[in-house]
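>>> any chance you could fold what I've pasted below:
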Amino acid sequence: MEPVINNMQQSWAEHGLYEYLLVVDPDVPVRDKVAAEKQSFYDAFREKSSIGTGAHIIVASFLAREEMEGTLIRWIQRICDQVHPFRVTLNNYSGFPPHTIYLRVQDPTPFLHLNQQLKAVDDLVRSSSCPPVRLMAKPHLSLARRLPEPVYTKAMFCYSQKDFHETFMAQDLRLLRRAHQFDDCKMVNKFPFSPGSQPWSEVA
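Residues are numbered from 1 along each chain as shown. Now for the predicted structure:
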């Protein structure tokens, strides 16, 4: 997970800010398989970033002050009350040269619809003199990040020949918080999607 604003990496706390992440989690069976893939990457390349990151898909990230949390929680829950559960398929590997290898989200459409709804949170954050929300245009699940370029090149060659295909239902969003780039994320709240609704189906 890259920080929202690079030149504030080490000074969020000095500005009274935390980084918040909105994420979608796979179900337990898929999460266990992703964890096994991360461990396999570490065993092969000895890069700790593969086992030091969560098995989730980041939907949005932003900087905000802790006292804004109550309002943020109310706004995000209202948005999630209008979102149906949707199917997510992780299909094979790709990369962001020269540093990140990830599992592809086969159909990003439900995430893009969710991004449209989350623009209301962007308006709230901006109105409170905080930087704009970063909405993920290309949702993915990171396998390993911040890789040295030679490791990335070698690993990408290997993973371009491997297969991975798993599907799960996205049932909620989680809001996470951390004080700085290398801090462990702490869960602030979970926002269930609208129960009893027809789930999104992926485009055939």
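>>> buried set for the strand ranked longest in the chain?
Of all the segments of type strand in the chain, defined by DSSP state E, the longest one is strand 86-96. Using 16 or more other CB atoms under 10 Å as the test for burial, strand 86-96 gives 86, 88, 90, 93-95. Quick note: C-beta positions are derived from backbone N, CA and C, even for glycine.
>>> any chance of those in TSV, plus distance to residue 164 and pLDDT?
Formatted as TSV, the buried residues of strand 86-96 follow (distance: CB to CB, whole Å; pLDDT from 0 to 100):
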residue	distance to residue 164	pLDDT
86	20	96
88	13	98
90	6	98
93	6	97
94	11	96
95	14	95
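>>> check which helix or strand the residue nearest the centre of the chain maps to.
By CA atoms, centre = their mean, the chain has its centre lying nearest to residue 58, at 1.2 Å. Using DSSP states H and E, residue 58 maps to strand 57-64.
>>> chain center to the next helix or strand after that strand: distance?
Counting by DSSP H and E, the element after strand 57-64 in chain order, helix or strand, is helix 69-80. How far helix 69-80 lies from its chain's middle: 18 Å, per CA atoms, centre = their mean, to the nearest Å.
>>> elements contacting helix 69-80?
helix 109-127, strand 172-178, strand 186-192 (3 or more CB pairs under 8 Å, 6 or more residues apart in numbering; DSSP states H and E).
>>> what mean pLDDT does that helix get?
For helix 69-80, the mean per-residue pLDDT is 96.
>>> show me which positions of it end up buried.
By neighbour count on 16+ other CB under 10 Å, the buried set for helix 69-80 is 69, 72, 75-76, 79-80.
>>> same question for stretch 44-54.
45, 47, 49-50, 53-54.
>>> what's the farthest-apart pair in those?
Distances among the buried residues of stretch 44-54 were taken as CB to CB; the most separated pair is 45 and 54, at 19.1 Å.
>>> so, low pLDDT: which residues of this structure?
Scanning the chain for pLDDT under 70 picks out the ranges 1-11, 196-204.
>>> now do 50
1-9, 197-204 (pLDDT under 50).
>>> now the angle from the strand holding residue 58 to strand 86-96?
80 degrees (axes from the mean of the first three to the mean of the last three CA atoms, to 10 degrees).
>>> tell me if I'm right that residue 151 and residue 47 touch.
Yes - counting by CB atoms under 8 Å, residue 151 touches residue 47, with 6.2 Å between them.
>>> before I go, just wanted to say thanks for your time.
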